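Participant: Below: sequence and its predicted model.
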Amino acid sequence: MEKWEKLIEILLDESASDAERDDAAMDLSEYNHKNVMKALMITAEHDKTDNMIKASCGESLAMIFIQNDRFEKEIYKKLRGITKTEFESNINSKRNDWKKYLDIET
């Protein structure tokens, strides 16, 4: 089993502590895999997910986009609340040229 697969297991495990899930969300930012992005999105969209974890999911998604040098509009359009806020904050601070893709005032 790959490390990112174990991290996804932790992230999706609602019986794991919020701290463990948050750490997993942050650590997943290092992995460019469609299953990583899918797990981050599933977690961020779940109503019962703690806002701290949702924020980390948004930050990790932004980091993956930046590492890939590719802004994925379809994923961005699905972001909501604190997940979207953290995503946009990271994009704004690290990729000024991508501000045109964001739904925020500049």
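Facilitator: Thanks, I have it.
Participant: Show me the shaky parts of this structure.
Facilitator: Counting by pLDDT under 70, the chain contains low-confidence ranges at 104-106.
Participant: how about the helices of the protein, start to end?
Facilitator: Under the criterion DSSP state H, the chain carries helices at the ranges 3-12, 18-27, 34-45, 51-68, 73-78, 81-94.
Participant: tell me how far the first one is from the chain's mean position?
Facilitator: Same thing as helix 3-12. With Cα atoms, centre = their mean, to the nearest Å as the basis, the distance from the averaged C-alpha position of helix 3-12 to the chain average is 14 Å.
Participant: what angle sits between that helix and helix 34-45?
Facilitator: For helix 3-12 against helix 34-45, the angle by axes from the mean of the first three to the mean of the last three Cα atoms, to 10 degrees is 10 degrees.
Participant: Helix 3-12 packs against which elements?
Facilitator: helix 18-27, helix 34-45 (3 or more Cβ pairs under 8 Å, 6 or more residues apart in numbering; DSSP states H and E). C-betas here are computed from N, CA, C, even on glycine.
Participant: Could you export those helices to a markdown table, including columns for mean neighbour count?
Facilitator: A markdown table is the format used below for those (neighbours: other Cβ atoms under 10 Å):
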| stretch | mean neighbour count |
| --- | --- |
| helix 18-27 | 19 |
| helix 34-45 | 18 |
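Participant: Make TSV from these and add distance to Glu88 to it.
Facilitator: As requested, these are exported to TSV (distance: least, Cβ to Cβ, whole Å):
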stretch	distance to Glu88
helix 18-27	17
helix 34-45	13
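Participant: out of the ones you listed, nearest to Glu2?
Facilitator: For those, proximity to Glu2 was assessed by Cβ to Cβ; helix 34-45 is nearest, at 9.6 Å.
Participant: Just the residues contacting the closest one, thanks.
Facilitator: The contact list for helix 34-45, computed with Cβ atoms under 8 Å, 6 or more residues apart in numbering, reads 4-5, 7-8, 11-12, 21, 25, 28, 49, 53-54, 57-58, 60-61, 64, 72, 75, 78-80, 83.
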